[in-house]
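K.L.:
When you get a sec, could you give me coordinates for this:
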Amino acid sequence: MPTSLRTTSVPLGKLRFRFNAYRLTIVLTEILSIGCSSRMEIPEFGPRLQQTAALELSQSLIGAKADYTDNCGHLQVLDIGSILEDVLTQTTHRTFASVVRPGSDAKADVYVRLKLVQSSFVLRMDAQYDRAPAELVLGGLASYHDSSGNLLGEEEILITRKDRVRLQPVQKNCDYVLEPFVHNASVEFAAKFSQSVHARLDPAGTQATVRKQETARSNAQINGPVGAGSPPASTSKRIGTALSFKATVLDENGNLVFEGGERVRVRVDLVNVGGQELQQVAATLTGTPSLLAQFPATTLSVGRLQPGQSRSLEFVATLPQSVSSQKAEIHVAVADPGIEAPPPQLLSLSIQPTGIQADDVDHIPAAAAEFKRPHTYLLSVGIGSYRDRQLSIRKYGASDAEMVAAYFQSLGGLPASNVRLLQDWKALRPDIDEALLDWLPAHASKEAVVIVYFAGLATVSPAGEVFLLPYDGNTTTTSRAYPLMDLETALGRLKVKQTVVLFDGMVSRLGSDGRGKGAVPQWSPAGSSAIHIIATNGVARSIEDEKHRHGLFTYYLLRALRGESDTNRDGEVTLAEVVSYLSQKVSWASKSQYGQEQRPIIFPPVKSTDPAGSLVLSKLAAIRATEAP
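P.N.:
Residues are numbered from 1 along each chain as shown. Predicted coordinates for the structure are as follows:
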């Protein structure tokens, strides 16, 4: 597909005409589209042209698709063409008096041929919890022909849609809700298409008077309050303004409760709804002083905005770890020296303490006395350094395994007899075999839950088979490795209620240098009933957090167990809450703090409605007591 657009200029006289109704269409598209979870309605495009039209869409448009990788590392195909075709068809019916189908016997006054010459879709998983930035570029070329086939002109149509898309609530941590995003981009593309039609086929603006009346009525609707909690504004003041905007406040986990240590983002989406360029647009925050003090800047320059152009900016702050319960306000104002400023918008925030010391994970939380799990078992394996000194070390592997064991005994309610801890030279293959083949079968009943945690190294064969490396293993041979399939087989023989496998460490290729070609690691072998929570996707080295002296994945696992993942604040941490928290936090921290991407993967995806998702891993009785009134 071509990467640039082609425009053929056909002299049709000056194309200066009043098209307020069509600029309004662009404004409507921009304003209503804020928030990718909402699906925009296709607006009316002003008085319809009296011609009869035939719309012909190219195969490049109808069949447009894009490949992307979802949050679980799966390759997905995004269908763009069918959505775009549907929106453009409806737009054509709303632009012309009548429309005939291409190839029918009915004659048309004008034949509109539209092809897609440029398209690209990018999904950047930057771990803003359940949201990810998405960008869709659509470039088209519309050609107009009269009933005799003579070319009347050609117009290029180009839009770039940017927004944040959400993970599917019924399949957390894997695919994203993309249909509304593509639909809204298609509406924006269709609005420019309709504007192009009027520019070519009604250049004199013969219906401008009617359009002006419709513009005035629509402006009164569009330019009302657009932000949550926005103060009311009179219609007379807003019709004349040349700048429209919407302010939105976003928190990391999407529950609109802001907690200590959490990032606060204030997004401002602006549109120049006037007919002249704005040159010094700026956005400013005012409000609760203690909250504003956390923002590095409270005024940001937008720069120039051409008529109909939109732009977005974000103010970002991080709340202190220790905060008090309070209500806070942020007033967002935008202005340009040459115009009347639109009314400011009010954003209301609820700030609450987490009740925990988020970074103090090395202090073992107090045990919840009433919470006992005599039928839950933990095998915790951690290898910081290997007998083969040529292997990479996991500096905090052994201590992480010990800390995980301590947390499950404290907050998880496991008796000490239900925990088997294997570290460094005590983590040979025979030691792992003894735990899986002798210890667990002798104790675990059908009602048991078995958790296996492994911090260390793993290798992947060319066929994708995963091997965990005990203390005496290496990356060049499997003779001393522990096949994941053997682990799965041992767990399968137990026939327990649920098994969970967690891995934090480095994954390399099996071979002389660990970098040979091979298949994608198969962390969930066929027939496995275990939930697999893996620190990193593919062949990669998971990050070790030098500041907190833990593997990054394990550090956030501990924070999850001590309550930060408890999104419904009921004092119980479930497997679904831990999985969601790890996927969001590890991905975000790896990018923002270490400049690299580490995305945990979960096989199979865990839904909050699944029996496995509701499995309680820890209970926070001590924390809840401090929060009780």
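
K.L.:
How about residues contacting the helix or strand containing residue 432?
P.N.:
For residue 432, the host element (DSSP states H and E) is helix 429-434. Helix 429-434 has contacts (C-beta atoms under 8 Å, 6 or more residues apart in numbering) with 379, 381, 422, 470, 472, 473, 480, 481, 482, 487. All C-beta spots, glycine's among them, are computed from the backbone N, C-alpha and C.

K.L.:
Among these, name the ones in strands.
P.N.:
Within those, residues falling in strands by DSSP state E are 379, 381, 422, 482.

K.L.:
most neighbours, which of those?
P.N.:
Neighbour count (other C-beta atoms under 10 Å) singles out residue 381 as the most crowded of these, with 28 neighbours.

K.L.:
correct me, but it touches residue 456?
P.N.:
Yes - judged on C-beta atoms under 8 Å, residue 381 makes contact with residue 456 at a distance of 6.9 Å.

K.L.:
where do the contact lists of these two overlap?
P.N.:
Joint contacts of residue 381 and residue 456 (C-beta under 8 Å, 6+ apart) are residue 427.

K.L.:
Break this structure into its domains for me.
P.N.:
Domain assignment for the chain by automatic domain parsing gives 1-222, 242-354, 376-552+595-607.

K.L.:
longest helix anywhere in this protein?
P.N.:
Longest helix in the chain, counting residues (DSSP state H): helix 179-201.

K.L.:
mean confidence score for it?
P.N.:
Mean pLDDT, helix 179-201: 88.

K.L.:
out of the domains of the chain, nearest to residue 583?
P.N.:
Across the domains of the chain, residue 583 has its closest neighbour in domain 1-222 (4.3 Å, C-beta to C-beta).

K.L.:
returning to that earlier point: just the buried residues of the longest helix of the chain, please?
P.N.:
For helix 179-201, the neighbour count (16 or more other C-beta atoms under 10 Å) marks 180-201 as buried.

K.L.:
List the neighbouring strands of the helix or strand that residue 258 is a member of plus their orientation.
P.N.:
For residue 258, the element it lies in under DSSP H and E is strand 257-259. Each strand paired with strand 257-259, and its direction, by DSSP bridges: strand 345-352 (parallel).

K.L.:
what's around residue 164, how many residues?
P.N.:
20.

K.L.:
Might you list the low-confidence residue ranges for the stretch 201-350 of the chain?
P.N.:
203-241, 252-256, 261, 321-322 (pLDDT under 70).

K.L.:
So residue 446, which state does it fall into?
P.N.:
Secondary structure, DSSP: H, G, I helix; E, B strand; the rest coil: residue 446 is coil.

K.L.:
May I ask which helix or strand encompasses residue 580?
P.N.:
Residue 580 belongs to helix 575-594, assigned by DSSP H and E.

K.L.:
related to what we said a few turns ago, what are the contacting residues of the strand holding residue 258?
P.N.:
By C-beta under 8 Å, 6+ apart, strand 257-259 touches 251, 264, 319, 323, 349, 350, 351, 352, 353, 354.

K.L.:
what about the closest residue to residue 614 other than its chain neighbours, how many neighbours?
P.N.:
Using C-beta to C-beta, 6 or more residues apart in numbering and skipping the chain neighbours, the partner closest in space to residue 614 is residue 574 (5.5 Å). Residue 574: 22 surrounding residues under other C-beta under 10 Å.

K.L.:
hang on, residue 611 in a helix?
P.N.:
No - under three-state DSSP, residue 611 sits outside any helix and is assigned coil.

K.L.:
ok, now which ones touch it?
P.N.:
So residue 611 contacts residue 498 (C-beta under 8 Å, 6+ apart).

K.L.:
For residue 55, see how far away it is.
P.N.:
Look at residue 611 and residue 55: by C-beta to C-beta, to the nearest Å, they are 51 Å apart.

K.L.:
now swap in residue 444 and tell me
P.N.:
Applying C-beta to C-beta to residue 444 and residue 55 gives a distance of 66 Å.

K.L.:
for residue 612, same thing?
P.N.:
Taking C-beta to C-beta, one finds residue 612 at 50 Å from residue 55.

K.L.:
Just grab the bridge partners of the nearest residue to residue 294 once chain neighbours are set aside for me.
P.N.:
Nearest non-adjacent residue to residue 294, counting by C-beta to C-beta, 6+ apart: residue 317, 3.9 Å away. Beta bridges link residue 317 to residue 264 when assigned by DSSP bridges.

K.L.:
Name all residues that make contact with residue 317.
P.N.:
263, 264, 291, 294, 295, 296.

K.L.:
Could you rank those by neighbour count and give me the top one?
P.N.:
Busiest of the contacts of residue 317 [other C-beta under 10 Å] is residue 264, holding 22 neighbours.

K.L.:
you'd agree that residue is up against residue 294?
P.N.:
Yes - using C-beta under 8 Å, residue 264 is in contact with residue 294, at 7.3 Å.

K.L.:
Going along the chain, name the helices of the chain.
P.N.:
20-32, 59-62, 81-95, 179-201, 208-222, 235-239, 289-292, 397-410, 429-434, 440-443, 484-494, 552-559, 575-594, 621-627.

K.L.:
Could I get those helices in JSON lines, plus columns for distance to residue 135?
P.N.:
Shown next, in JSON lines, are these (distance: least, C-beta to C-beta, whole Å):
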{"stretch": "helix 20-32", "distance to residue 135": "15"}
{"stretch": "helix 59-62", "distance to residue 135": "19"}
{"stretch": "helix 81-95", "distance to residue 135": "16"}
{"stretch": "helix 179-201", "distance to residue 135": "9"}
{"stretch": "helix 208-222", "distance to residue 135": "25"}
{"stretch": "helix 235-239", "distance to residue 135": "30"}
{"stretch": "helix 289-292", "distance to residue 135": "30"}
{"stretch": "helix 397-410", "distance to residue 135": "37"}
{"stretch": "helix 429-434", "distance to residue 135": "46"}
{"stretch": "helix 440-443", "distance to residue 135": "49"}
{"stretch": "helix 484-494", "distance to residue 135": "37"}
{"stretch": "helix 552-559", "distance to residue 135": "27"}
{"stretch": "helix 575-594", "distance to residue 135": "17"}
{"stretch": "helix 621-627", "distance to residue 135": "40"}
